[in-house]
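A.B. asks: okay, predicted coordinates and the sequence, questions at the end:
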Amino acid sequence: MELSKMSDMTKLHQAVAAGDYNSVKKILKKGLCDPNYKDVDWNDRTPLHWAAIRGQMEVLHLLIQYGARPCLVTDVGWTAAHFAAESGHLNVLKTLHALPAAIDAADFFGDTPKRIAQIYGQKACVDFLERAEPECRDYRQRGLLLDEQDPEWDLKKRELELSLPAPDPNTNKKTKRIRGSTRLSHSKAWRL
């Protein structure tokens, strides 16, 4: 990680990203930084996201002890579970599931941590998440809280959806006509 980029991060983000447990503990004890602060320069990552990326179990436990929320998401909807699944940190996923956290939450593109683990070939994480996802659904059905609401994300997601270009129905019709005529000309060519 470049030092110039790290200087944009909060002290807590820096300490977590560097894996400096003692500094993290000192910062949290003094209340110098919010453990749920989203660093805009780093795609709204929280310190918990960094702990999940690095697989730092002691730091993860410390952050949770001081109120870090596992449901908080990045600018594209990734939770700490997404980062743990990408990096193959099974112990992080198990800890998040034990809280219980919503380790089955989909990002803006519809990808769950399990799907991310599949994409990155993290077989042990995929196996665990296949067993854990039904338990998350069961928690919801029984009315148990999973700390899964991130109001900031709900607003940002709506803004993202509104910023996407609306499909132009006229464009689709033109495309279909062009494809149809192209397909027709190819089929004629094969018959000759």
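C.D. replies: Nice, I can see it. Residues are numbered from 1 along each chain as shown.
A.B. asks: from here on, just use CA atoms for contacts and neighbour counts.
C.D. replies: OK.
A.B. asks: where does the protein dip in pLDDT?
C.D. replies: For the chain, applying pLDDT under 70 flags the ranges 1-9, 144-161, 164, 166-192.
A.B. asks: how far away is the spatially most central residue of it from Gly67?
C.D. replies: Note on the chain: the residue nearest the mean C-alpha position is Trp78, at 1.2 Å, using Cα atoms, centre = their mean. From Trp78 across to Gly67, the span is 19 Å (Cα to Cα, to the nearest Å).
A.B. asks: same thing with Ala51?
C.D. replies: Distance, Ala51 to Gly67, by Cα to Cα: 14 Å.
A.B. asks: over to Thr95?
C.D. replies: To Gly67, Thr95 is 15 Å away according to Cα to Cα.
A.B. asks: got a list of what Val126 touches?
C.D. replies: Val126 makes contact with Ala85, Lys114, Arg115, Ala117, Gln118, according to Cα atoms under 8 Å, 6 or more residues apart in numbering.
A.B. asks: rerun at 10 Å
C.D. replies: Ala85, Gly88, Leu90, Pro113, Lys114, Arg115, Ile116, Ala117, Gln118, Ile119, Tyr120, Ala132 (Cα atoms under 10 Å, 6 or more residues apart in numbering).
A.B. asks: what helix or strand is it located in?
C.D. replies: Val126 is part of helix 123-141 when elements are defined by DSSP states H and E.
A.B. asks: only the buried residues of that helix, if you could.
C.D. replies: Judged by neighbour count using 16 or more other Cα atoms under 10 Å, the buried positions of helix 123-141 are Lys123, Cys125, Val126, Leu129, Ala132, Glu133, Glu135, Cys136, Tyr139.
A.B. asks: around Leu32, how many other residues sit close by?
C.D. replies: Residues near Leu32, counting by other Cα atoms under 10 Å, number 12.
A.B. asks: wait, isn't it in contact with His13?
C.D. replies: No. Under the criterion of Cα atoms under 10 Å, Leu32 makes no contact with His13, lying 11.6 Å away.
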